[in-house]
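Colleague: Here is my input; please provide its structure:
(one chain, ligands or ions: 2)
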Amino acid sequence: MNEAALQVLGLRKVYANGKTALAGVDLQVAQGAFHALLGPNGAGKSTLINILADTVRPTSGLAKMLGRDVFRERSWCKRHLGVVPQEVAFDPFFSPVEILRITSGLFGCRPDESWIRELLERLGLAEHAYKNTRQLSGGMRRRLLVAQALVHRPALVVLDEPTAGVDVELRRSLWSFMRELNRSGTTILLTTHYLEEAEQLCDHVTIIDGGQVVADRSMRELMEVVAGRYLFLGYGDAFELSEADARALSAFRPRVMSGGVCLHLGGQGGEDLGFHRVYEAAVSRLGIPRKVEIRQEDLEDVFIRLTGHARKEKSTS
Ligand SMILES: Nc1ncnc2c1ncn2[C@@H]1O[C@H](COP(=O)(O)OP(=O)(O)O)[C@@H](O)[C@H]1O
Ligand SMILES: [Mg+2]
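Modeller: Ligands and ions are numbered 1, 2, ... in the order given. You can find the predicted model right below:
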């Protein structure tokens, strides 16, 4: 079997203030994968990524990149790994081009000028190549971070919310660039708030919550086995679900949504709770709805159901 691009075993991180950010995480990223690492705010995603990037020290656990111990063979791993951190910090006196040349040097390679030009071009930074990074907007700096992570053509690229603050058009072009890189053999581990895009791009998903893995599957499996159907019953804008009703319907995991309630109908591969049973139970508590729909869960629905957290923002496109 092929060596995994990344293997994380029992990774734990307890910060100095006593906060447990990772409570024993296992993660395996196959070579060539486009792997999503998802989780609500505070789940521990950045902690995991910063441990790989060597900016946070793990409390315990193992991490291997292509079979090499990440904590013991740092310099080898750094040459084959590109990390786009969530936080942006640049030396404001350099221009993007200079930063990319310096970064190449840090990875022990000579700057590849044509690759640097291509990166600036693909990331919409060509016009800003010789400006001071101080003059760049937040979105541009973030794209420069992406260029920086790719400048040494690493085998594994890890991106922590690379499109936060990046406008729609550039977000699309970034995704298509990532897809191309992936098709040409680069393994990608991606954290993002844009679940619709993750669903389209990624072939594997790991969801973490409270420092623990709550789902880990191929995207196809997740959408076929874990994602189920739900019943939406619309009652109008003033609709509220009382605690007693919520309790009575708890088997169907009721969730209030835009003037109605969503009730889980079971997984596609799992037990089907049956439309009639769910519908009758709901009507006996809530009355006859004005609107009845059966909907298929998307990645966002599955995410909310597994973590109990709504995304803080929906895609603003
Ligand atoms: N330097 C730190 N010191 C103490 N607690 C931290 C530190 N960094 C992150 N945390 C806490 O660890 C948890 C995980 O944070 P983080 O890894 O940033 O999650 P995510 O990236 O999934 O939002 C959060 O509860 C966060 O408040
Ligand atoms: Mg984070």
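
Colleague: could you say which helix or strand contains residue 230?
Modeller: Assessed by DSSP states H and E, residue 230 sits inside strand 228-234.

Colleague: mind listing what that strand pairs with, with the direction of each?
Modeller: Note on strand 228-234: by DSSP bridges, its sheet partners are strand 260-267 (antiparallel), strand 291-296 (antiparallel).

Colleague: In CSV, list the ones you listed along with distance to ligand 1, mean neighbour count and mean pLDDT.
Modeller: In this view, the C-beta of every residue, glycine as well, is placed from N, C-alpha and C. Formatted as CSV, the strands paired with strand 228-234 follow (distance: least, Cβ to the nearest ligand atom, whole Å; neighbours: other Cβ atoms under 10 Å; pLDDT from 0 to 100):
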stretch, distance to ligand 1, mean neighbour count, mean pLDDT
strand 260-267, 26, 21, 83
strand 291-296, 27, 12, 90
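
Colleague: could those be laid out in TSV, adding distance to ligand 2?
Modeller: Output for the strands paired with strand 228-234, formatted as TSV (distance: least, Cβ to the ion, whole Å):
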stretch	distance to ligand 2
strand 260-267	28
strand 291-296	29
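
Colleague: nearest to residue 67, of these?
Modeller: strand 260-267 (35.7 Å; Cβ to Cβ).

Colleague: Show me what secondary structure element comes after that closest one.
Modeller: With elements assigned by DSSP H and E, the helix or strand that comes after strand 260-267 is helix 275-286.

Colleague: Could you name the helices and strands sitting against that following helix?
Modeller: The contact analysis (3 or more Cβ pairs under 8 Å, 6 or more residues apart in numbering; DSSP states H and E) places helix 275-286 against strand 228-234, helix 243-248, strand 260-267.

Colleague: what sits against residue 213?
Modeller: The contact partners of residue 213, by Cβ atoms under 8 Å, 6 or more residues apart in numbering, come to 25, 26, 27, 206, 207.

Colleague: Of those, grab the buried ones for PyMOL.
Modeller: Selection of buried members from these for PyMOL, criterion 16 or more other Cβ atoms under 10 Å:
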select buried, resi 25+27+206+207
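
Colleague: Kindly reformat the contacts of residue 213 as TSV containing secondary structure, pLDDT and distance to residue 40.
Modeller: Output for the contacts of residue 213, formatted as TSV (DSSP: H, G, I helix; E, B strand; the rest coil; pLDDT from 0 to 100; distance: Cβ to Cβ, whole Å):
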residue	secondary structure	pLDDT	distance to residue 40
25	strand	98	15
26	strand	98	19
27	strand	97	17
206	strand	97	14
207	strand	96	9
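
Colleague: That's all I had, so thanks and see you.
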